[in-house]
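Undergrad: got a sequence here, can you model it:
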Amino acid sequence: MEKSDEIKVGDFVIVQRQEYTKLHKVKQHGNMVLGKYTVEMDNIIGHKYFDTFQMKNHPKNRKLFILEQKNEVTTASTGVNIEKSGVDNRNITLDGEIQTLKKEDIDKLTDAELNSNVIVEQLINNSKTFNMKTGYSQEKYIKKKEKKYFEYIQVLKPTIRLLANMFYRQDPTKILNIRIDDLSQILSYANIHSEGCHLLYDSGSSGLMMATITNSLGKNTGGTVIHMHPGNECQKTVFAALQFPQEQKDRCINVNLYSVLRYFYQNKEHAESTNLDEPNLEECLEPPQKKLKTSESDTVTTIGQSQCKRPQWQLDNEQAAKLLEKKCDSLIITAKEHPVGLAKELLEFLKGGRQFVVFSLFREPLQDLYVYLKSRLDIVAIRLCSNFLRHHQVLPERTHPAIMMTNGGYILTGVKLNS
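TA: Next up is the predicted model:
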């Protein structure tokens with residue numbers, strides 16, 4: 001078994017229970033809440049990704065469940081035998097007494113053993129109307145009850161697709177309503193390739209866009225991504241979950257938009273003024289002159305040594321400014337803000353003959369941007385579109401589009417010409 005396939009402490013995993021998925025960081029003696037169940041996750045350490053585990057009652061705590069690895073899964077859909085079915089459901093009345101099994105009885109079954117087959121079978125046997133329902137209604141009833149008491153989970157390795165679908169199902173606003181098809185179109189329109197320098201402005205996708213571009217660049221390549229964000233710290237939930245190697249993380253430069261632009265233009269106009277703020281190399285190599293004593297036990301470093309220390313954001317700004325000076329191979333903007341000002345500023349750092357993509361949740365801001373870009377002579381092939389992806393249920397005599405769903409956003413694309 002390879003080390004990358006083994007689940008270790010500190011790894012991020014995606015726990016799947018039927019259609020429900022949740023992101024979890026593995027810890028020693030760590031628990032995870034799955035619906036109304038609290039599961040102890042210690043037993044997954046040392047196992048492989050994509051293994052299946054069964055939730056077993058804890059011997060000392062009935063509210064806690066432990067995990068046991070299983071090679072086979074038995075479901076109520078295949079384990080329950082249906083004796084007979086009705087013709088239609090017109091004569092069924094819901095009076096609140098069709099189920100003779102009370103909540104206390106179900107709790108006793110759950111406390112004894114969480115087994116969806118046993119619980120669903122008891123619910124069917126104690127239902128007065130189950131045999132009167134049609135075959136479709138019976139199948140739907142079994143799936144509904146099995147989903148509630150399902151005792152198997154699968155531990156998956158995080159991928160872009162799984163994380164994008166998980167966040168989109170939980171709360172689409174956390175990733176700016178970017179669907180998985182929107183994500184693929186953004187990468188395609190921007191022409192993301194492994195040896196290019198790509199510029200990204202992202203203000204609220206939980207690190208999804210940054211992680212997707214970094215993943216597309218691949219390991220041990222020459223590609224870099226400059227990730228600009230509006231705040232002091234960027235959002236990196238998805239980026240951290242993918243556990244990129246350090247070499248790949250170093251090629252993703254996170255900088256504050258206003259800070260890096262201020263540094264870039266000041267450095268361009270007054271190159272010598274920034275050198276005055278940087279420590280002298282000879283001063284850094286000098287021995288300590290004196291120590292400032294703050295207390296009897298604590299001392300601070302010398303003035304010369306403290307001047308040599310530079311915060312990470314300054315180093316990132318310097319690295320990003322050097323890349324911006326050479327200009328970038330693509331530009332992607334996924335923002336909550338109005339995109340006209342952002343596009344006007346960031347298009348200056350895009351090489352000629354390169355593509356740019358702007359994604360917004362609303363159409364009106366992109367329409368304003370469309371009008372502005374039309375007035376420029378160096379921008380061509382401007383296109384504003386929105387693709388409506390709809391999932392369909394495909395079953396015999398029951399194929400229909402999904403009823404509950406949300407619309408994605410709008411994408412504006414274009415090409416900048418050589419000036």
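
Undergrad: CA only for contacts and neighbour counts going forward, please
TA: Noted.

Undergrad: ok, residues contacting stretch 53-67?
TA: Residues outside stretch 53-67 that contact it (Cα atoms under 8 Å, 6 or more residues apart in numbering) are 37-41, 43-44, 68-70, 111-114, 151-154.

Undergrad: now these: which count as buried?
TA: Taking 16 or more other Cα atoms under 10 Å as the criterion, what is buried in the contacts of stretch 53-67 is V39, E40, M41, I44, Q69, E113, L114, E151, Y152, I153, Q154.

Undergrad: can you put those residues in JSON lines and add secondary structure, pLDDT and distance to I403?
TA: What follows is these, written out as JSON lines (DSSP: H, G, I helix; E, B strand; the rest coil; pLDDT from 0 to 100; distance: Cα to Cα, whole Å):
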{"residue": "V39", "secondary structure": "strand", "pLDDT": "93", "distance to I403": "32"}
{"residue": "E40", "secondary structure": "strand", "pLDDT": "92", "distance to I403": "36"}
{"residue": "M41", "secondary structure": "coil", "pLDDT": "92", "distance to I403": "35"}
{"residue": "I44", "secondary structure": "helix", "pLDDT": "93", "distance to I403": "36"}
{"residue": "Q69", "secondary structure": "strand", "pLDDT": "92", "distance to I403": "36"}
{"residue": "E113", "secondary structure": "coil", "pLDDT": "80", "distance to I403": "35"}
{"residue": "L114", "secondary structure": "coil", "pLDDT": "81", "distance to I403": "31"}
{"residue": "E151", "secondary structure": "coil", "pLDDT": "89", "distance to I403": "28"}
{"residue": "Y152", "secondary structure": "strand", "pLDDT": "91", "distance to I403": "27"}
{"residue": "I153", "secondary structure": "strand", "pLDDT": "93", "distance to I403": "27"}
{"residue": "Q154", "secondary structure": "strand", "pLDDT": "94", "distance to I403": "27"}
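
Undergrad: dump those to CSV, plus distance to D250.
TA: CSV is the format used below for the buried ones among the contacts of stretch 53-67 (distance: Cα to Cα, whole Å):
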residue, distance to D250
V39, 36
E40, 35
M41, 31
I44, 30
Q69, 37
E113, 49
L114, 46
E151, 41
Y152, 38
I153, 35
Q154, 32
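
Undergrad: farthest pair within those?
TA: Farthest pair in those (Cα to Cα) is I44 and E113. Separation: 20.4 Å.

Undergrad: okay, how far is it across stretch 238-256, tip to tip?
TA: End-to-end distance for stretch 238-256: 19 Å, by Cα to Cα, to the nearest Å.

Undergrad: how far out from the middle of the chain is that stretch?
TA: Chain-centre distance of stretch 238-256: 14 Å, with Cα atoms, centre = their mean, to the nearest Å.

Undergrad: which parts of it are buried?
TA: Within stretch 238-256, the residues that qualify as buried are 238-239, 241-242, 244, 248-249, 251-256, counting by 16+ other Cα under 10 Å.

Undergrad: before we move on, what about stretch 43-56?
TA: For stretch 43-56, the buried set under the neighbour-count rule, 16+ other Cα under 10 Å, comprises I44, I45, H47, K48, Y49, F50, T52, F53, Q54, M55, K56.

Undergrad: okay, that stretch in CSV with CA atoms only?
TA: Extracted C-alpha coordinates of stretch 43-56, given in CSV (Å, rounded to 0.1, in the frame of the first residue of the first chain):
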residue,chain,number,x,y,z
ASN,A,43,-10.6,3.5,13.2
ILE,A,44,-10.1,5.0,9.7
ILE,A,45,-6.4,5.9,10.5
GLY,A,46,-4.1,3.5,8.7
HIS,A,47,-6.8,2.3,6.2
LYS,A,48,-6.9,3.1,2.5
TYR,A,49,-9.0,5.7,0.8
PHE,A,50,-12.3,4.6,-0.7
ASP,A,51,-12.7,1.9,2.1
THR,A,52,-16.2,1.3,3.4
PHE,A,53,-17.0,1.3,7.1
GLN,A,54,-20.1,0.3,9.1
MET,A,55,-21.3,2.4,12.0
LYS,A,56,-21.5,0.3,15.2
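
Undergrad: separation between E139 and Y20?
TA: E139 sits 20 Å away from Y20, going by Cα to Cα.

Undergrad: swap in N191?
TA: Applying Cα to Cα, one obtains 33 Å for the distance of N191 from Y20.

Undergrad: who has more neighbours, those two?
TA: When neighbours are counted by other Cα atoms under 10 Å, N191 and Y20 differ, and N191 comes out ahead with 18 against 14.

Undergrad: so where's the stretch 51-200 of the chain shaky on pLDDT?
TA: Applying pLDDT under 70 to the stretch 51-200 of the chain flags residues 77-79, 81.

Undergrad: hey, where'd the strands end up in it?
TA: Applying DSSP state E, counting those that start in this stretch to the stretch 51-200 of the chain gives strands spanning 52-57, 64-70, 152-156, 197-202.

Undergrad: quick one: the third one to strand 52-57, angle?
TA: Between the direction of strand 152-156 and that of strand 52-57, the angle (axes from the mean of the first three to the mean of the last three Cα atoms, to 10 degrees) works out to 130 degrees.
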